[in-house]
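*Asks:* My questions concern the predicted model and sequence given below.
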Amino acid sequence: MKNMATIRDVARAAEVSAATVSRVLSGDPTLSVQAETRKRVLETAERLGYQKPQRRSDEREARRPRHTYALLMVLSAVEESADTYFMAIREGIESEAARLGLAAVGICRGELDLAAAERARIEAEADGLIAIGSFDALSVRAAFPETPHVVFVDFVPEVNPGYDVVHMDLAHATRNAIDYLHESGSEHILFLGGPRNVTSSHGKAAAFSQEERAAAFVAHMQDIGCFEPSLMMPLCSWSLEEAYEAVRGTLAGGTPVDAIIAASDTLAIGAMRAVSDAGRSVPGDIRVLGFNDMKGAAYLHPSLTSVHLYAREMGEAAARMLAERIDGRRIVPELLTMPTKLVVRESTQLRDPERETMLL
C-alpha cells in the first residue's frame, strides 16, 4: 500500500516551509505569500495526492494546537531539577507556548548525537526548536537540517546560521556590579565563576572565554586599574563546595580581598560560608554579591545582594519569537537582549549609606 503524502512531503517538493503549506491548505486569510507560491503549493499537494487528515469534529480541530516545538536542553533532568534558573526559563517557555497554541512534542538533553530515528521523529513532528543553554548552532543545524526555525535561549552562538537568540546582558550586569562595589570603597574584588560548556555534535567543550561574566570582569577590572590575576577564580564546576574551597584557600593564603562577585547565588553562598569560617564577617570585612536573585536570597543571613535575571520572561520571549517565525510573521532573525537588575541587600551594605542605590 502506497504511503500517504504528508505536509512535509508537499513542503519539500514545493520548496517552502511546512508551516506555509499548512496555512495555504487550510485557507488561512492572514497568510501573506505571493500568488505564485500559493498556486505552487496547491498544485504540488494535488500532484502528490495529499489528503487532509479526517477530524472527528470541528471542536477537536479547534482544540488542536496550530504548531509544535521540541526543546533542546544542556542539562540532564536531575541537573535541571536543582537549577532554579533553568527551571524558570523552561516554565516561561511552556506557559507562553501553551497560550500561543504551540504544543511540545519532545525534549533532547545534553548531546546532539541522537539516534537517527529520534532525530527523524523530532524533524517530522516539530515545526521549530528552542535550545536552552550553550549549543553550537552549526551542530544544531547539522542534527536537524530540515527544521529551519530555532531559538537559542541564554546563549549567543559564535557562528549563527540565521537563528533567533534571546539572552541576558551579563557583561553589562558585571560591569555595573564592579562599579557599584568599587565606587563605594572596594578595590580587591575576587571573582568566582565556572566555564561555559558548549555542546556540539562532538560532545561538550568547557570554554571560560565564552562565559560573559568572567570575560567582562577581567576587561572592566583592567579598565579601572584594579585587576589582580590572583583574584580571578575560574572554577571547574558551578558547585557550592568548590566555591567554598576556593575562597577559603585564598583567604588562608593572605591575599587581600574586600569584595567577592560570584557568578551565581549558589557560589555566593559557598563564598559567604568560607568568609565566616575564616573568622571574617560579611559585609564588615568582605562584601559578597551573587547572580540570579534566587527566591531565598532575601532570607539568608545576611541577606544576599544579587543581580536579578528575568529568566521566566526570557523563556516567554523565546516562545513568542518561535511562534512569529513559524507563522511567517517575521523572516529576519532577531537578537533580543534582556535587562538585568542589581538588588542591593545586607551582604554588600554600603559604607556610605547616602550612596545606596539600585542599578539597572
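*Replies:* That came through, no problem. Please read all numbers here as calculations on a predicted model, not as lab measurements. Numbers count the residues shown, from 1 in each chain.

*Asks:* switch to C-alpha atoms for all contacts and neighbour counts from now on
*Replies:* Will do.

*Asks:* Tell me how many other residues crowd the closest residue to residue 6 other than its chain neighbours.
*Replies:* Distances taken as CA to CA, 6 or more residues apart in numbering put residue 50 closest to residue 6, at 6.5 Å, once the chain neighbours are dropped. Residues near residue 50, counting by other CA atoms under 10 Å, number 16.

*Asks:* and residue 50, helix, strand or coil?
*Replies:* coil (DSSP: H, G, I helix; E, B strand; the rest coil).

*Asks:* got the contact list for residue 273?
*Replies:* Residue 273 sits next to residue 244 when contact means CA atoms under 8 Å, 6 or more residues apart in numbering.

*Asks:* Tell me where the stretch 251-360 of the chain has helices.
*Replies:* Here the stretch 251-360 of the chain has its helices, by DSSP state H, counting those that start in this stretch, at 265-277, 311-327.

*Asks:* Check whether the residue nearest to residue 6 really touches residue 5, as I assumed.
*Replies:* Yes. At 5.1 Å, residue 50 counts as touching residue 5 under the criterion of CA atoms under 8 Å.

*Asks:* any idea how far residue 319 is from residue 296?
*Replies:* 27 Å (CA to CA, to the nearest Å).

*Asks:* Tell me which of those two has more neighbours.
*Replies:* Neighbour count, other CA under 10 Å: between residue 319 and residue 296, residue 319 has more, with 25 against 10.

*Asks:* Kindly provide the distance from the more buried one to residue 103.
*Replies:* Remark: distance between residue 319 and residue 103 (CA to CA) = 11 Å.

*Asks:* Now for those two: what residues contact both?
*Replies:* Common neighbours of residue 319 and residue 103, using CA under 8 Å, 6+ apart, are residue 97.

*Asks:* Going along the chain from the helix or strand of the chain with the lowest mean pLDDT, find the next helix or strand for me.
*Replies:* Using mean pLDDT, DSSP states H and E, the weakest-scoring helix or strand in the chain turns out to be helix 58-63, at a mean of 45. With elements assigned by DSSP states H and E, the helix or strand that comes after helix 58-63 is strand 67-73.

*Asks:* Summarise which helices and strands that next one is packed against.
*Replies:* Identification of packing neighbours for strand 67-73 by 3 or more CA pairs under 8 Å, 6 or more residues apart in numbering; DSSP states H and E yields strand 102-109, helix 116-125, strand 128-132.

*Asks:* Sheet-wise, list the partners of that strand with their directions.
*Replies:* The strands beside strand 67-73 in its sheet (DSSP bridges) come out as strand 102-109 (parallel), strand 128-132 (parallel).

*Asks:* any idea which of these is most buried?
*Replies:* Ranked by mean neighbour count, those are led by strand 128-132 with a mean of 25 (mean count of other CA atoms under 10 Å).

*Asks:* mind listing the strands for the chain?
*Replies:* Counting by DSSP state E, one finds strands in the chain at the ranges 67-73, 102-109, 128-132, 150-153, 164-168, 189-193, 196-200, 203-207, 232-234, 259-262, 287-292, 305-309, 335-338, 340-343.

*Asks:* can you list contacts of the fourth one?
*Replies:* For strand 150-153, contacts defined as CA under 8 Å, 6+ apart pick out 128-133, 163-167, 314-315, 318, 321-322.

*Asks:* And the last one, by the same measure?
*Replies:* Strand 340-343 has contacts (CA under 8 Å, 6+ apart) with 168-170, 173, 177, 293, 305-310, 358-360.

*Asks:* That'll do, ta.
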